[in-house]
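Engineer: Below is the sequence, then the predicted model.
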Amino acid sequence: MIFVCILFGILTILFAALYFHEKQIVRSRYTKELEQAKNHIKKSTFGHTVEQLVPFMNNFNYNPADARFIGSPIDFIVFDGLNDGQLRKIIFIEVKSGKAILSNNEKTIQKCIFDGFVNFQIIRINEDE
């Protein structure tokens, strides 16, 4: 009987140790993933804020008054020369930093533009509707 009680006590301690060890591993993973998520959000928020300031940076080759921030799926459309009354061209701009690459949607948009699949359309709104 004493042997069974001792064995039960040892097993209880082992299971408790395993439980707390596993709980610590899960907590550690959770903390790491939470930190990664926070860092991603900080970078993303910073990126979205900086994107809107790009027209005022030295390496922006267009009049900031000609730039329209869209944000998604492309960051800017620049109507080059529009502010001067001499529209020369329309440019789609995607802002990237570091080693960031175009998303699949951005690549598709880029290809569509390069292939000439860009149109102008007027949609009239009926006042009776």
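Structural biologist: Looks like it came in fine. Residues are numbered from 1 along each chain as shown.

Engineer: Just the strands from the protein, written as ranges.
Structural biologist: 67-69, 76-80, 89-93 (DSSP state E).

Engineer: What strands flank the second one, and is each parallel or antiparallel?
Structural biologist: With DSSP bridges as the test, strand 76-80 is paired with strand 67-69 (antiparallel), strand 89-93 (antiparallel).

Engineer: what residues are up against residue 92?
Structural biologist: 74, 76-78, 109-110, 113 (Cβ atoms under 8 Å, 6 or more residues apart in numbering). Heads up, the C-betas are built off the backbone N, CA and C, glycines and all.

Engineer: mind redoing it with 6 Å?
Structural biologist: Applying Cβ atoms under 6 Å, 6 or more residues apart in numbering, we find residue 92 in contact with 74, 77, 113.

Engineer: Is it possible to get those out as JSON lines so that each row also shows distance to residue 65 and pLDDT?
Structural biologist: Shown next, in JSON lines, are the contacts of residue 92 (distance: Cβ to Cβ, whole Å; pLDDT from 0 to 100):
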{"residue": "74", "distance to residue 65": "19", "pLDDT": "94"}
{"residue": "77", "distance to residue 65": "13", "pLDDT": "97"}
{"residue": "113", "distance to residue 65": "23", "pLDDT": "96"}
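
Engineer: among the residues you listed, who's most crowded?
Structural biologist: Among the contacts of residue 92, residue 74 has the most neighbours (other Cβ atoms under 10 Å), with 17 neighbours.

Engineer: what domains does the record give for the chain?
Structural biologist: 1-51, 61-114 (automatic domain parsing).

Engineer: any idea of the mean pLDDT for stretch 114-129?
Structural biologist: The average pLDDT within stretch 114-129 is 90.

Engineer: and it, how far out from the chain's middle?
Structural biologist: Here stretch 114-129 is found 29 Å from its chain centre; the criterion is Cα atoms, centre = their mean, to the nearest Å.

Engineer: that older thread, among the domains of the chain, which gets the worst mean confidence?
Structural biologist: Lowest mean pLDDT within the domains of the chain: domain 1-51, a mean of 73.

Engineer: That's all I had, so thanks and see you.
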